[in-house]
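Novice: dropping the sequence and predicted coords here.
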Amino acid sequence: MSNSATKRKTGFYIEVGCPGCGGDLELQQDFFVISCKHCGSVLRIRMPDTPPVYIVPKKVSRREIRFNIDRLLKESKQPLTGSDIQYKQIYYPYWHINAVVLKTRNRVEYIAERSAEGYGYSSYTRAEKTSVPIKEKKTEVTLSPFSASFQAGMVMENIPSSLGVRTQYIVAAPFSEENVEDDIHALPVIIPWQEAFKRLEKSVQTVGQINIAEFGSNKTVLFRPIASLIYFPFYIVESHLGDKYGRWIADGVTGRIIKNVERLSNSSPYEESNRTKIEFGKLDIDHHRCSNCGEDLPGEQSYIYICNNCQQLTSMEQVNRFNTNLEITSNSGSDNDILIPFWSLKFESNVSGSMGSSFGTTEKLENLVIPAIRLSNFESAYKLSRRMTVAYPELDLDPLMQFDKRFKSVLIGPSEAITLAQVVYARERMGISTSLPLKDITHLVKELKLFYMPFHPEQYFMLDSIFNSITFVKSTM
Ligand SMILES: [Zn+2]
Ligand SMILES: [Zn+2]
């Protein structure tokens with residue numbers, strides 16, 4: 001976590017009020033523990049089960065919007081806005097969705113197989129007569145993050161169909177009627193989340209169809225969609241330009257004029273007849289303290305905390321298959337090592353029975369291992385997961401009693417670990433053949449456990465300190 005104000009920010013930020021002092025706090029979307037920079041309180045944010053609703057406050061004034069419109073008019077040598085200029089401000093709702101996409105792409109590559117006479121090759125020969133092209137079928141399997149946004153309100157002319165690059169840096173506040181100014185209208189949500197998810201799947205499939213499979217079929221599968229609803233500000237401006245009529249839509253954060261609307265449509269844009277009741281969740285902000293003794297818990301981001309005072313474990317997420325007895329490899333490495341957390345997931349026998357062969361080993365694998373640190377690259381996380389899964393049966397694990405500064409935070413929660421296990425499993429099966437059925441294994445998890453294993457840096461890599469063979473690229477951590 002960085003408090004540096006000079007660092008260029010990207011991403012989606014949420015502004016909340018500190019329950020200790022009332023000061024404003026800005027936190028990143030995925031973050032749930034934060035220290036108040038005003039009073040020092042350590043706070044935790046619990047996300048609701050239903051999608052949360054945010055509002056992006058408007059940043060520009062009417063004067064700036066008018067200035068931008070007049071500048072455009074001047075450039076196109078038209079009369080400027082008149083004294084009858086009218087402004088309407090709206091908050092338009094969008095669904096914003098983050099997900100993981102697993103793609104398989106089937107291609108046929110032609111490789112020239114050169115026969116023994118191939119030595120006589122001359123650069124002047126147009127084609128090498130002695131070579132025979134052979135076909136090789138290749139399946140590329142990749143995992144990547146995916147995010148998209150869709151209109152959640154009624155169809156309105158010239159309102160952008162998605163938030164697009166607007167989500168590269170946004171500060172939003174939890175939505176409540178109080179933080180919508182009186183003269184601004186927040187449009188009702190008419191597209192339910194399930195409908196938005198269907199559109200998301202469709203758009204992912206469409207992207208997938210751009211590459212046509214050269215054999216079999218390409219697959220694109222979406223995992224773990226997480227939705228929030230974002231109200232984004234727009235200005236609708238109307239004015240006469242001499243004897244002509246002008247109407248514009250402007251982005252309420254940047255002030256950019258999105259569209260000059262030539263014709264005024266008859267229907268009122270504020271029609272609310274289609275309103276459906278959609279349930280939204282509320283963010284819950286509280287002091288981050290041990291439930292057992294009331295001691296403040298560490299302020300860094302993690303899914304798991306051990307109280308310094310009474311050693312009780314606090315998990316930020318309640319999952320009933322989570323066995324909270326933490327473990328550590330019996331060889332816990334040297335003082336200079338770091339201890340990386342991993343989730344081990346035990347599956348029902350109908351999954352674990354086929355896991356060994358899926359992972360290319362003859363050994364029986366009962367546990368799938370998922371890194372509990374966040375790697376910047378899904379493929380690296382997958383490869384590390386694969387190596388750890390194969391190595392897991394060789395590990396000696398002891399109960400873990402106490403944390404020290406060598407322990408890395410748990411940044412992948414139990415429910416995300418279950419989804420990632422599904423993704424890794426699917427990735428592995430796809431790598432064998434795209435025609436294998438993709439079984440949903442998320443409800444076949446018998447138990448989840450956390451264990452720690454020592455690693456140390458070696459040039460560009462992190463290398464494990466037990467086998468000295470499991471690596472991942474340092475910069476992805
Ligand atoms: Zn505070
Ligand atoms: Zn305690």
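Specialist: Great, that's in hand. Numbering: from 1, shown residues only. Ligands and ions are numbered 1, 2, ... in the order given.

Novice: tell me the mean pLDDT over the longest helix anywhere in the chain?
Specialist: Secondary structure assigned by DSSP state H gives helix 414-432 as the longest helix of the chain. Confidence for helix 414-432, expressed as mean pLDDT, is 84.

Novice: got it, and stretch 163-171?
Specialist: 70.

Novice: ok, Val155 - how many residues close by?
Specialist: For Val155, the count of nearby residues is 9 (other CB atoms under 10 Å). In this view, the C-beta of every residue, glycine as well, is placed from N, C-alpha and C.

Novice: separation between it and ligand 2?
Specialist: Here the criterion is CB to the ion, to the nearest Å. By it, Val155 lies 54 Å from ligand 2.

Novice: which elements pack onto whichever helix or strand comes after the longest helix of the chain?
Specialist: Downstream of helix 414-432, the first helix or strand assigned by DSSP states H and E is strand 445-458. Contact partners of strand 445-458 among helices and strands, from 3 or more CB pairs under 8 Å, 6 or more residues apart in numbering; DSSP states H and E: strand 327-329, strand 338-347, helix 414-432, strand 461-464.

Novice: now these in CSV, please, with extra columns for distance to Trp193.
Specialist: Supplementary listing: the helices and strands packed on strand 445-458 in CSV, determined by distance: least, CB to CB, whole Å:
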stretch, distance to Trp193
strand 327-329, 38
strand 338-347, 28
helix 414-432, 18
strand 461-464, 39
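
Novice: include distance to ligand 2 and mean neighbour count when you put those into CSV, please.
Specialist: Formatted as CSV, the entries for the helices and strands packed on strand 445-458 read as follows, by distance: least, CB to the ion, whole Å; neighbours: other CB atoms under 10 Å:
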stretch, distance to ligand 2, mean neighbour count
strand 327-329, 21, 20
strand 338-347, 20, 23
helix 414-432, 21, 22
strand 461-464, 32, 19
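
Novice: quick one, grab the pLDDT at Val319.
Specialist: Taken from the predicted model, the pLDDT recorded for Val319 is 83.

Novice: swap that for Leu326, sorry
Specialist: 94.

Novice: likewise the one 3 residues further on?
Specialist: Here the pLDDT value assigned to Thr329 is 97.

Novice: if I look at Ala391, how far off is Met355?
Specialist: Computed with CB to CB, to the nearest Å, the distance linking Ala391 and Met355 is 14 Å.

Novice: more crowded one of these two?
Specialist: Met355 (20 against 16).

Novice: next helix or strand past the host helix or strand of the more buried one?
Specialist: Taking DSSP H and E as the definition, Met355 sits inside helix 349-358. Moving toward the C-terminus from helix 349-358, the first helix or strand encountered (DSSP H and E) is strand 367-371.

Novice: close to ligand 2: what parts of the chain are there?
Specialist: 290, 292-293, 295, 307, 309-310, 312 (CB under 5 Å from the ion).

Novice: closest to the centroid, which residue in this structure?
Specialist: Among the residues of the chain, the smallest C-alpha distance to the mean C-alpha position (CA atoms, centre = their mean) belongs to Asn98, namely 4.4 Å.

Novice: only the buried subset of the residues of the chain next to ligand 2, as a ChimeraX command please.
Specialist: In ChimeraX syntax, the buried subset of these is picked out as below (16 or more other CB atoms under 10 Å):
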select :290,307
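
Novice: out of the residues of the chain next to ligand 2, which one sits closest to Leu368?
Specialist: Distance to Leu368 across the residues of the chain next to ligand 2 (CB to CB) is lowest for Gln312, with 28.4 Å.

Novice: quick check: closest non-adjacent residue to that closest one.
Specialist: If the residues on either side of it in the chain are set aside, Gln312 comes closest to Asn292, at 4.2 Å by CB to CB, 6 or more residues apart in numbering.

Novice: so the one you found sits against Cys307, correct?
Specialist: Yes - between Asn292 and Cys307 there is a contact at 6.5 Å, judged by CB atoms under 8 Å.

Novice: rewinding a little: what pLDDT does the residue nearest to Gln312 get?
Specialist: Per-residue confidence for Asn292 comes out at a pLDDT of 92.

Novice: tell me what whichever residue of the stretch 251-400 of the chain sits closest to ligand 1 is bridged to.
Specialist: Closest approach between the stretch 251-400 of the chain and ligand 1, counting by CB to the ion: His287, at 10.1 Å. When bridges are taken as DSSP bridges, the partners of His287 come out as Leu43.

Novice: please tell me how far it sits from Pro174.
Specialist: Per CB to CB, His287 is found 18 Å from Pro174.

Novice: pick out whichever of the two has more residues nearby.
Specialist: Residue environment comparison for His287 versus Pro174 gives the larger neighbour count to Pro174, 19 against 15, counting by other CB under 10 Å.

Novice: okay, now the nearest residue to the more buried one once chain neighbours are set aside: neighbour count?
Specialist: Of all residues beyond its chain neighbours, the one nearest Pro174 is Leu283 (5.0 Å), with distances taken as CB to CB, 6+ apart. Here the number of neighbours of Leu283 (other CB under 10 Å) works out to 17.

Novice: next, give phi and psi for Leu283.
Specialist: Note on Leu283: backbone dihedrals following degrees, to the nearest 10 are phi -70, psi 140.

Novice: so who does it touch?
Specialist: Listed by CB atoms under 8 Å, 6 or more residues apart in numbering, the contact set of Leu283 reads 14, 16, 45-48, 52, 174.

Novice: picking that back up, alpha carbons of the longest helix of the chain, in CSV - could you do that?
Specialist: Presented in CSV, the C-alpha positions along helix 414-432 are these (Å, rounded to 0.1, in the frame of the first residue of the first chain):
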residue,chain,number,x,y,z
PRO,A,414,-11.0,-18.4,0.3
SER,A,415,-13.9,-18.0,-2.2
GLU,A,416,-11.6,-16.5,-4.8
ALA,A,417,-9.2,-19.5,-4.2
ILE,A,418,-12.1,-21.9,-5.0
THR,A,419,-12.8,-20.0,-8.2
LEU,A,420,-9.1,-20.0,-9.1
ALA,A,421,-9.0,-23.7,-8.5
GLN,A,422,-11.8,-24.2,-11.0
VAL,A,423,-9.9,-22.0,-13.5
VAL,A,424,-6.6,-23.9,-13.0
TYR,A,425,-8.5,-27.2,-13.4
ALA,A,426,-10.2,-26.0,-16.5
ARG,A,427,-7.0,-24.5,-17.9
GLU,A,428,-5.3,-27.9,-17.3
ARG,A,429,-8.0,-29.9,-18.9
MET,A,430,-8.2,-27.5,-21.9
GLY,A,431,-4.4,-28.0,-22.3
ILE,A,432,-5.0,-31.7,-22.8
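
Novice: quick check: which ranges of the chain have low pLDDT?
Specialist: Along the chain, segments meeting pLDDT under 70 span 1-10, 29-31, 112-132, 165-168, 179, 207-211, 216-217, 259-279, 434.

Novice: what residues does it have near ligand 1?
Specialist: Where proximity means CB under 5 Å from the ion, the interface of the chain facing ligand 1 comprises 18, 20-21, 23, 36, 38-39, 41.

Novice: distance to Glu363 and neighbour count added to those, as CSV?
Specialist: Conversion of these to CSV gives the following (distance: CB to CB, whole Å; neighbours: other CB atoms under 10 Å):
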residue, distance to Glu363, neighbour count
Cys18, 52, 20
Gly20, 53, 15
Cys21, 56, 12
Gly23, 55, 13
Cys36, 50, 20
His38, 55, 13
Cys39, 54, 12
Ser41, 50, 19
